[in-house]
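Novice: Here is my input, please return the structure:
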Amino acid sequence: MLENFMMNVGGSEWLIIGLLVVVLLFGSKKLPEFSRSIGKAIGEFEKMRDETLRQKTDQESNYLGPRVAGAVDNERHKLEMIAESLGIELKGIGIGERAERLLVLAICGLIPISESIQWGVVIIIIISAISFVQRFMYVIKRI
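Specialist: Predicted coordinates for the structure are as follows:
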């Protein structure tokens, strides 16, 4: 008989029964105090949660290392993004910018010697190595 009774009680009826039990246990005078203490506990929980989230975002904003946001195509692009995030601009540093390399290759192509293109490639490799060393030294000085 008790099993039939429990099956016929719905969700809202259990809520009413639960509230009646709380009123009977704590009394009508203690119920507002009980509600206030539960409200304070929930408020403290939310305050600590917000404080923890704020500390986490503060730690992330104090990070001084390189930042790479998003996907990168290759390692060169990644290094350029890291240098940019550190405030290091490498354009104009070194003797071998892209235009100079193309100019050397074009001049060597115009020279009517059979091995002029190979010499142009060798010159470009040397210019690139010098530029690498100059940029490396520039970055070391900036850091």
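
Novice: neighbours around residue 120, how many?
Specialist: For residue 120, the count of nearby residues is 19 (other CB atoms under 10 Å). C-beta coordinates here come from the backbone N, C-alpha and C atoms, glycine included.

Novice: What residues of the strand or helix carrying it count as buried?
Specialist: Taking DSSP states H and E as the definition, residue 120 sits inside helix 116-142. Buried residues in helix 116-142, counted by 16 or more other CB atoms under 10 Å: 120, 123-124, 127, 131, 135.

Novice: by contact count, what packs against it?
Specialist: Packing partners of helix 116-142 (3 or more CB pairs under 8 Å, 6 or more residues apart in numbering; DSSP states H and E): helix 98-110.

Novice: So, low pLDDT: which residues of this structure?
Specialist: 1-7, 9, 60-70, 90, 92-99, 143 (pLDDT under 70).

Novice: per-domain residue ranges of it.
Specialist: Split into domains by automatic domain parsing, the chain comes to 2-61, 92-142.

Novice: Put together a markdown table for these, with distance to residue 86 on each row.
Specialist: Formatted as a markdown table, the domains of the chain follow (distance: least, CB to CB, whole Å):
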| stretch | distance to residue 86 |
| --- | --- |
| domain 2-61 | 16 |
| domain 92-142 | 8 |
